[in-house]
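Asks: no sequence on this one, just coordinates:
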């Protein structure tokens with residue numbers, strides 16, 4: 001719970017924090033945690049005395065912007081999470097690192113071999 005509330009974990013947990021923030025499934029975990037924050041609002045919307053279509057429309061009006069903001073702020077949240085735990089905030093996930101290396105290799109092949 002301390003981790004989810006933004007508190008620093010002991011240094012012995014740094015490997016776990018890196019795996020949680022950048023390892024396989026990190027996007028799924030991030031969006032699940034973000035969605036859980038909106039569950040109380042959704043329950044209140046379902047308890048309102050109104051037709052079902054009004055409740056569903058209200059839920060959609062709350063959920064869609066929430067998903068957009070969660071997606072837009074994902075990288076900032078992960079950088080802050082890593083920095084709060086005393087880690088390099090620019091650690092890349094395995095997929096991001098592989099894509100970065102692939103692009104660097106294409107660039108080297110396309111532009112750098114001409115300089116010689």
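Replies: Received the coordinates, thanks. Keep in mind the model is a prediction, meaning the values are calculated, not measured. Residues are numbered from 1 along each chain as shown.

Asks: what residue lies at the spatial centre of this structure?
Replies: By Cα atoms, centre = their mean, the chain has its centre lying nearest to residue 74, at 3.8 Å.

Asks: which regions of this protein lie under the pLDDT threshold?
Replies: Counting by pLDDT under 70, the chain shows low-confidence ranges at 93-94, 113-116.

Asks: in the longest helix along the chain, what counts as buried?
Replies: Taking DSSP state H as the criterion, the chain has its longest helix at helix 52-72. The neighbour-count check on helix 52-72 (16 or more other Cβ atoms under 10 Å) flags 55, 58, 66, 70 as buried. No exception for glycine: its C-beta is placed from N, CA and C like everyone else's.

Asks: dump the residue contacts of the nearest residue to residue 17 once chain neighbours are set aside.
Replies: The spatially closest residue to residue 17, leaving aside those adjacent along the chain, is residue 85, at 4.9 Å (Cβ to Cβ, 6 or more residues apart in numbering). Contact analysis of residue 85 by Cβ atoms under 8 Å, 6 or more residues apart in numbering lists 8, 9, 13, 14, 17.
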